[in-house]
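Novice: Whatever this is, show me its structure:
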Amino acid sequence: MTDLINQIFDIAKGIARVVETSLIGPLTMIFKSLGLLFVKVFELGLMAVKWLMAQL
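Specialist: Here you go, the predicted model:
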């Protein structure tokens, strides 16, 4: 009985690893790129504000 339970746990761990590598990897990449994009847009906005202040 314990062998069966251990096998079920091993299968579940294997499935979790596959799901983790197939989903979590791309998701973290997407969130990292979105974060970098947000930072770049924010920096661009700051530069625009500084330029506008210099024009006044």
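Novice: the bottom helix or strand of this structure by mean pLDDT?
Specialist: Ranking every helix and strand in the chain by mean pLDDT, DSSP states H and E puts helix 2-19 at the bottom, with a mean of 83.
Novice: ok, then the element right after that one?
Specialist: helix 25-55 (DSSP states H and E).
Novice: Please compute how far that following helix lies from its chain's middle.
Specialist: Centroid separation between helix 25-55 and its chain, computed with CA atoms, centre = their mean, to the nearest Å, is 17 Å.
Novice: same question, stretch 8-19
Specialist: Worked out by CA atoms, centre = their mean, stretch 8-19 lies 22 Å from the chain centre.
Novice: Mind listing what's buried along it?
Specialist: Residues of stretch 8-19 include none that count as buried (16 or more other CB atoms under 10 Å). No exception for glycine: its C-beta is placed from N, CA and C like everyone else's.
Novice: what pLDDT does residue 37 get?
Specialist: At residue 37, the pLDDT value in this model is 91.
Novice: could we number from 158 for the rest of this?
Specialist: Understood, numbering begins at 158; the last thing we discussed is residue 194.
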